[in-house]
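next come a sequence and a model predicted from it.
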Amino acid sequence: MSHRIEKIQNEIKSVSYSWRFNGLENFLKATVCGQAQPLVDGSLEEFITEHYWGYTTQRDGSTMEYAVEHPRWRIWETESAEFHCDVANLYGKKFCEFFEQQPSSAFLADGSKVKGYKGVKLKP
């Protein structure tokens, strides 16, 4: 796995992540415009980035719930976004139809360290 951040005069212009799977290169790339902006209350970007709870399936089939916290992230709008991946072999054929269509949104978040708390097993 590798990543690349392209900057011009210290401003981010594009980011990409790539990985090899079954000998083929897969990648995700976004070209951004302008500078990072604060999240807008009620926006799709806020809905996607502002989560305070995580859930994960355990080996026995149960679910763990855990709290997470991080500062509010800033985001860049994208001029373009590309995704090239062997979805069928990496994630399964049932996901292909979702990745074959154009995304409804794409943005880059500045991110931060995320603090995760000890999980609690949910009762069925």
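Cool, got the structure.

show me the shaky parts of the protein.
For the chain, applying pLDDT under 70 flags no range at all.

strands of that one, start to end?
2-8, 11-21, 24-38, 53-57, 63-69, 74-84, 107-109, 115-116, 120-121 (DSSP state E).

just name the most buried of these.
Ranked by mean neighbour count under mean count of other Cβ atoms under 10 Å, these are led by strand 107-109, which reaches a mean of 18. For the C-beta atoms, the positions are set from N, CA and C on the backbone; glycine is no exception.

same for it, what does it pack against?
Under the contact criterion of 3 or more Cβ pairs under 8 Å, 6 or more residues apart in numbering; DSSP states H and E, strand 107-109 touches strand 24-38, helix 44-49, strand 74-84.

and the first one, which strands flank it?
To tie it back to what came earlier, the one meant is strand 24-38. Applying DSSP bridges to the sheet, strand 24-38 is found paired with strand 11-21 (antiparallel), strand 74-84 (antiparallel).

nearest to Ser2, of the ones you listed?
Closest approach to Ser2 among those (Cβ to Cβ): strand 11-21, 5.4 Å.

output the closest one in PDB with nothing but the alpha carbons.
What follows is strand 11-21 as a C-alpha-only set of coordinates in PDB (Å, rounded to 0.1, in the frame of the first residue of the first chain):
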ATOM      1  CA  GLU A  11      -1.600  23.700  -0.800                       C
ATOM      2  CA  ILE A  12      -2.900  20.200  -1.400                       C
ATOM      3  CA  LYS A  13      -4.000  19.600  -5.000                       C
ATOM      4  CA  SER A  14      -4.500  15.800  -5.000                       C
ATOM      5  CA  VAL A  15      -4.200  12.700  -2.900                       C
ATOM      6  CA  SER A  16      -4.000   9.100  -3.900                       C
ATOM      7  CA  TYR A  17      -3.900   5.700  -2.200                       C
ATOM      8  CA  SER A  18      -2.800   2.600  -4.100                       C
ATOM      9  CA  TRP A  19      -2.400  -1.100  -3.300                       C
ATOM     10  CA  ARG A  20      -1.600  -4.300  -5.100                       C
ATOM     11  CA  PHE A  21      -4.100  -7.200  -5.100                       C
END
